[in-house]
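Chemist: Just a sequence and a predicted model for now, questions to come.
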Amino acid sequence: AVLWPAALVASRRLLELIESLKNDNAHGLREEVISVLELGSGTGLTTLTAALAGNPVLATDFQPVTLDILNRAVSLNAIKRGLNASLVRTALFDFSDMSKALPAGDIVVAADVLYYKETAEALAARCIEASRRGSWVIVADKDRPARPTFLSELKRQGIANPVFVNTTGKACVGHRNWVIAEENASPEDIIVGLFVLSPERKH
C-alpha cells in the first residue's frame with residue numbers, strides 16, 4: 001500500500017471546506033457535523049483526516065484489501081491519536097457500477113483515481129449525481145492519464161468550463177519511487193490538480 005500525493009491535497013481542501021460549511025450559513029448546511037463519502041479510499045488518508053476532525057465518514061473501495069488496511073489504520077489512530085473509530089464506516093463500492101446509487105455524504109471526495117477512460121467517465125457521472133442531490137465534490141489528481149476524459153465528460157454533461165486548479169502538495173522521495181515513504185525518504189513539493197464542484201443549486 002502507498003500514500004498517494006493527491007490524497008494530501010484532497011485532505012487539506014476537505015478540512016477547509018468542512019470548516020467553511022460549519023460556519024457559513026450561505027452554503028445552507030451550517031451544521032456541527034459534516035458527513036463525508038470517500039470514493040476509491042485506498043489507504044484512507046482523507047477518511048482519517050475527516051474522522052480525526054470529528055466528522056462521520058463512509059470510506060469505499062472496490063478492493064477488500066484496501067478496506068482491511070484502512071480498518072487497521074483506524075484502530076491504530078484510535079489508540080495513538082484518540083480517533084473515535086465509530087465515525088468511520090467502510091463498504092465495498094465500485095463507483096463505476098452505475099446500477100448502484102451513490103451513498104450519502106455532504107461532501108464526496110476522490111483522490112488519484114483517474115487512470116482509465118471508463119473510470120474517468122464514471123467519476124464524472126458520480127460528480128454530477130452528487131452535485132444534483134446537494135453534495136459538494138472534491139477531486140484531486142496527480143495528472144493521471146484519464147484527466148482529459150474526466151473533464152470532457154463533465155462538460156458534456158453540462159458543467160461549464162470544468163478545470164483542475166494546480167495546488168502544491170508533498171511527495172516522499174526515496175530510492176524506490178516517490179509514493180512509498182522509506183526511512184531515508186525526503187519530502188518534495190509537487191503539483192496536484194484540484195477540482196471542486198459545488199451543489200447544483202450554487203453553480
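Modeler: That came through, no problem.

Chemist: pLDDT score for the closest residue to Tyr115 other than its chain neighbours?
Modeler: The shortest distance from Tyr115 to any non-neighbouring residue, by C-beta to C-beta, 6 or more residues apart in numbering, is to Arg144 (5.2 Å). Quick note: C-beta positions are derived from backbone N, CA and C, even for glycine. For Arg144, the model assigns a pLDDT of 95.

Chemist: One more: Val33?
Modeler: As predicted, Val33 sits at a pLDDT of 78.

Chemist: so it, which of the three states?
Modeler: Three-state call for Val33 (DSSP: H, G, I helix; E, B strand; the rest coil): coil.

Chemist: Equivalent analysis for Asp189, please.
Modeler: Assigned with three-state DSSP, Asp189 falls in the strand class.

Chemist: Next: the one 3 residues further on.
Modeler: Secondary structure for Val192, judged by three-state DSSP, is strand.

Chemist: distance of Ala53 from Cys127?
Modeler: Distance, Ala53 to Cys127, using C-beta to C-beta, to the nearest Å: 23 Å.

Chemist: about what we covered before: name the helix or strand for the residue nearest to Tyr115, please.
Modeler: Under DSSP states H and E, no helix or strand contains Arg144.

Chemist: same deal with Thr167?
Modeler: strand 165-173.

Chemist: Strand partners (parallel or antiparallel) of the lowest-mean-pLDDT helix or strand in the chain?
Modeler: Across the helices and strands of the chain, mean confidence by mean pLDDT, DSSP states H and E is lowest for strand 165-173: a mean of 82. Here strand 165-173 is paired, per DSSP bridges, with strand 186-197 (antiparallel).

Chemist: Which residues does the helix or strand harbouring Ala7 contact?
Modeler: Assignment of secondary structure by DSSP H and E places Ala7 within helix 5-23. Helix 5-23 is touched from outside by 27, 29-32, 34, 36, 42-43, 45-46, 49-50, 53, 55, 106-107, 109-112, 136, 138-142, 167, 169-171, 178-179, 190, 192, 194, 196, with contacts defined as C-beta atoms under 8 Å, 6 or more residues apart in numbering.
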